[in-house]
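*Asks:* here are the coordinates; sequence isn't available:
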DNA sequence: ATCCCGAGGG
DNA sequence: CCCTCTGGAT
C-alpha cells in the first residue's frame, strides 16, 4: 500500500468538516461559559469526565466562589468537597485555587486572552486554552483536541497512528491539513458526532454519514 | 472492563 | 513515550 498523499488527507478532512457542519450547524458550548473565569474552571474540571458530570457541580461551586478573587481565598479541601463526584478531584481542587490566585495576582483578576499566558495557569493545557480562546474570546489559533477529536482524527486516518497517544501532535497534524476557516467548529461539532455516532466502544457505522470515506468503517 | 471535552511530571 | 490522579456511567 502506497502512503496516502497529504492532498488526499486534506480532501477527506475538509469533507468531514463540511458534512458535520451541515449535520450539526453552529454548536454551543456544553459547559458553563457565562464568563471566561467560569469557562476556565469548567473546562479544567472536565478532564476525564463528562460535561454532564461537570454541570452537576458547577452551580454550587460558582454559588460559593463566584469570582477569581473569591476562589483564590478558598482552600483546596473545601473545593474538593464540592467537586468530589468528579475524577481527580484533589488535583483539580488545587488547580482551581492556584489558577484563581494566579489570575488575581498576575493578570489583574482577568483571564488572559493569550495562549502563552493561559497555559501558565495550573491545570490549563493547550486543549483547555484552545477552548477558552475560541469560546470566550473568539480567537482561533488552534484546535482543541480532546479524547473525541483525537479518536475521530485517527479513525479517519487524518493523523498517523504513532500520534494516537499524543493529542498535541494530532492537533498539529489537523492544523497542517485543514484550512484555517474550518478550525473554529472542529471541537464542538466533532464532540457531538463522537458521542452520537463515532462512539469509542460501539461506533454506529451503519448510521454514520462518513462511512463511505472512513478507512476504519466496520459495518 | 472501558471510557469520559487532560494535565503535569518523569 | 510512560505514569499518576480519580469517580461515575455503561
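*Replies:* Nice, thanks for sending it over. In this text, all values refer to a predicted model and were calculated from it rather than measured experimentally.
*Asks:* so which residues on chain A come close to DNA strand C?
*Replies:* A:48-50, A:53, A:84-91, A:162-163, A:165-166 (CB under 7 Å from any atom of the strand). C-beta coordinates here come from the backbone N, C-alpha and C atoms, glycine included.
*Asks:* now those residues: which count as buried?
*Replies:* Those of the residues of chain A next to DNA strand C that meet the buried threshold are A:49, A:86, A:89, A:163, by 16 or more other CB atoms under 10 Å.
*Asks:* quick one: contacts for the last one?
*Replies:* Okay, so that is residue A:163. A:154, A:169-170, A:173 (CB atoms under 8 Å, 6 or more residues apart in numbering).
*Asks:* any idea which element residue A:15 lies in?
*Replies:* For residue A:15, the enclosing helix or strand under DSSP states H and E is helix A:6-24.
*Asks:* is it true that residue A:145 touches residue A:166?
*Replies:* No. Between residue A:145 and residue A:166 there is no contact under CB atoms under 8 Å: 9.5 Å.
*Asks:* low-confidence ranges, chain A, go.
*Replies:* In the predicted model of chain A, residues A:1-2, A:219 satisfy pLDDT under 70.
*Asks:* which residue does it bring closest to DNA strand C?
*Replies:* residue A:87 (1.9 Å; CB to the nearest atom of the strand).
*Asks:* DNA strand B versus that residue, what's the distance?
*Replies:* Distance of residue A:87 to DNA strand B, computed by CB to the nearest atom of the strand, to the nearest Å: 6 Å.
*Asks:* may I ask which of the contacts of residue A:163 has the most neighbours?
*Replies:* Neighbour counts for these, by other CB atoms under 10 Å, peak at residue A:170, which reaches 23 neighbours.
*Asks:* so that residue touches residue A:159, yeah?
*Replies:* Yes. Between residue A:170 and residue A:159 there is a contact under CB under 8 Å: 4.5 Å.
*Asks:* list the residues that contact both of these two?
*Replies:* Common neighbours of residue A:170 and residue A:159 (CB under 8 Å, 6+ apart) are residue A:153.
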